[in-house]
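Chemist: make a model of this:
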Amino acid sequence: MLCKDMPMEMGNVTAVQEFTLEGFPAIQHLGKVLFLVHLLAYLASTAGNTVIVTITCADSRLHTPMYFFLSIFSFLECCFINAIIPKLLIIFLLGRQTISFPACFVQAFVFVFLGAAGFLLIAVMSLDRYVAICKPLHYTTIMNLKTCFLLVAACFTLAFPLITGLVVEVSQLSFCGPHVIPHFFCDLALLIHLSCSDTSSTEMLAFVVALVILLTSLIITIIAYGNIVVTIVRFPSARERQKAFSTCSSHLMVLSLMYDSCVFIYVKPKQTNRLDSNREAALVNTVVTPLLNPVIYTLRNRQVHQALRETMCRMKMSR
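Modeler: Purely as a prediction, here's the structure:
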């Protein structure tokens, strides 16, 4: 693919066949230490989210809409970190920073698609808490198995065409100049920045897609929790209010982690400052947040505690 905007005398410039992930050049000399730290975090995050999925499927008491959505969310987190962290570990351990053109766009697609689906799923979990607290007598009727599957399918159905269209649009741009990505994974915004094509329409498309996903999730979440707060305030006893708030606390903490990290990454007054700080903030989003999510849900939930204890007891007895 030749650069569309280059003059004819430079038409023999070949297209970029691979990119170089810059990683963390300032601390690259600590590669083996960073490899060990991130490997432990990666294994702990994968194990924690896998345990949530396994326990939810194995224990019949957890076959409720809340835990169904939680297991789907944990599955997305597992896929999310496996799309990003293995390459980062290779960079730290072996210093292999190159990534092929197709692999880069596959990684970018998986990252953005799972992120978009995760935000929409967070909104669905807000709806689940709204029905459970505001319409408790109709909860089992409204949030039946079919409805749960349809809501999860809606998250993927909305995210897939939007993200696919965006990634295909970016992949059609010309890349014939700089090939170093100042990040530890293939970020679509940086790929657009590296292109030698006219990217104005692509940048607008990326903005619209991000706006649709984030606003859809945010509006649903705000409306759901607005009604939840109004309902809980009307409860006659403090004990009932505390119990109702406790059922939402874990979800609110995870929701806050997701939105805060994304706002820190993408909402900056200057583009240059934003690109410089992306790596550190994205590292929190891709390593720390998936690690904290299972901790938040398991440490604050008695049903999960009991299910874990009983599962471990059954495993010991079967030996």
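Chemist: roughly how far does the nearest residue to residue 121 once chain neighbours are set aside sit from residue 168?
Modeler: Nearest residue to residue 121, sequence neighbours excluded (CB to CB, 6 or more residues apart in numbering): residue 155, at 5.0 Å. Heads up, the C-betas are built off the backbone N, CA and C, glycines and all. Distance, residue 155 to residue 168, using CB to CB, to the nearest Å: 21 Å.
Chemist: between the two, who's got more neighbours?
Modeler: For residue 155 and residue 168, the more surrounded residue by other CB atoms under 10 Å is residue 155, and the numbers stand at 22 against 11.
Chemist: which of the helices or strands spans the more buried one?
Modeler: Element membership for residue 155, per DSSP states H and E: helix 145-171.
Chemist: which residue is nearest the middle of the protein?
Modeler: residue 115 (3.5 Å; CA atoms, centre = their mean).
Chemist: count of residues packed around the residue nearest to that one when sequence neighbours are not counted?
Modeler: In space, and not counting its chain neighbours, residue 115 is closest to residue 80: 7.1 Å by CB to CB, 6+ apart. By other CB under 10 Å, the residues close to residue 80 number 23.
Chemist: and residue 198, by the same measure?
Modeler: Neighbour tally, residue 198, other CB under 10 Å: 12.
Chemist: cool, the one 4 residues further on as well?
Modeler: A total of 19 residues lie near residue 202 under the criterion other CB under 10 Å.
Chemist: before we move on, what about residue 259?
Modeler: Neighbours of residue 259 (other CB under 10 Å): 16.
Chemist: which non-adjacent residue is nearest it?
Modeler: residue 218 (7.7 Å).
Chemist: can you tell me the helix or strand for that neighbour?
Modeler: helix 200-233.
Chemist: name the residues of that helix that are buried.
Modeler: For helix 200-233, a neighbour-count test (16 or more other CB atoms under 10 Å) marks 202, 205-206, 209-210, 213-214, 216-218, 220-221, 224-225, 227-228, 231-232 as buried.
Chemist: name the helices or strands packed onto that helix?
Modeler: helix 101-134, helix 145-171, helix 188-194, helix 238-266 (3 or more CB pairs under 8 Å, 6 or more residues apart in numbering; DSSP states H and E).
Chemist: which of the ones you listed is buried the deepest?
Modeler: helix 101-134 (a mean of 21; mean count of other CB atoms under 10 Å).
Chemist: quick one: contacts for the residue nearest to residue 220 when sequence neighbours are not counted?
Modeler: Distances taken as CB to CB, 6+ apart put residue 123 closest to residue 220, at 3.9 Å, once the chain neighbours are dropped. Neighbouring residues of residue 123 by CB atoms under 8 Å, 6 or more residues apart in numbering: 216, 217, 218, 220, 221, 224.
Chemist: how does it look with 7 Å?
Modeler: Counting by CB atoms under 7 Å, 6 or more residues apart in numbering, residue 123 touches 216, 217, 220, 221.
Chemist: now residue 177
Modeler: With CB under 7 Å, 6+ apart, residue 177 has these contacts: residue 196.
Chemist: assign a three-state SS to it, would you?
Modeler: Three-state call for residue 177 (DSSP: H, G, I helix; E, B strand; the rest coil): coil.
Chemist: swap in residue 20?
Modeler: From three-state DSSP, the assignment for residue 20 is strand.
Chemist: I figured it hits residue 100, correct?
Modeler: No - at 11.2 Å, residue 20 does not count as touching residue 100 under the criterion of CB atoms under 7 Å.
Chemist: and the two? Which one has more around it.
Modeler: residue 20 (15 against 11).
Chemist: check residue 314 and give its pLDDT.
Modeler: Listed pLDDT for residue 314 reads 69.
Chemist: ignore the last one, residue 254
Modeler: 77.
Chemist: do you know how far it is from residue 27?
Modeler: 29 Å.
Chemist: can you check residue 51 too?
Modeler: Going from residue 51 to residue 27 by CB to CB gives 31 Å.
Chemist: more neighbours: the two, which one.
Modeler: Neighbours per residue, other CB under 10 Å: of residue 51 and residue 27, the larger number sits with residue 51, 17 against 11.
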